[in-house]
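Participant: Sequence plus the predicted model coming up.
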Amino acid sequence: MSLVGGGGLGLPMAVEIDVVNVDISVTKAAENAILETMSNDDDDQVLIISADSGGCSGYMYDMKVVERPEEDGYQEIVVGGKSILIHDRDSDLLNGIELDYKDTLMGGGFQITNPNASKSCGCGQSFG
């Protein structure tokens, strides 16, 4: 059992979460984009991928480069010498994702294909 949702006006709720061993795939284009994005970062910088409540389908993907968290509860995937972290609380939602990078005339960016999503929105940033 884990404590989730300590922010806001309400009290945190104890909810049970399923923790699974995360296995994700990263395309070569995404690996190159990660290496380029993090090329000037210190070795203690990591990419965190998470699933936050919100969006039109229930959850939204979030990706950010931060200093390695000191807290426990993250699973680490190393790609091209750079660390990707996924928190245990998101492991059942993000297990099996494919991280890709598209560079188009209308703008590029990371794209996530999620086999766990029963629905997703047109923008690809939200899933349920």
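Facilitator: Structure's in. What do you need?
Participant: Tell me what the spatially most central residue of the chain is bridged to.
Facilitator: Centroid check for the chain by C-alpha atoms, centre = their mean gives Ile49 as the closest residue, at 1.9 Å. For Ile49, the beta-bridge assignment (DSSP bridges) gives partners Met63.
Participant: That one contacts Val66, correct?
Facilitator: No: with contact defined as C-beta atoms under 8 Å, Ile49 and Val66 do not form a contacting pair (11.5 Å). Just so you know, the C-beta spots here come from the backbone N, C-alpha and C atoms, and that holds for glycine as well.
Participant: Low-confidence ranges, the chain, go.
Facilitator: 1-15, 55-57, 119-128 (pLDDT under 70).
Participant: what about 80?
Facilitator: 1-17, 54-58, 105-107, 117-128 (pLDDT under 80).
Participant: Show me the helices in it, by range?
Facilitator: Taking DSSP state H, the helices of the chain run over residues 28-37, 91-94.
Participant: Tell me which of those sits nearest to Leu105.
Facilitator: helix 28-37 (15.9 Å; C-beta to C-beta).
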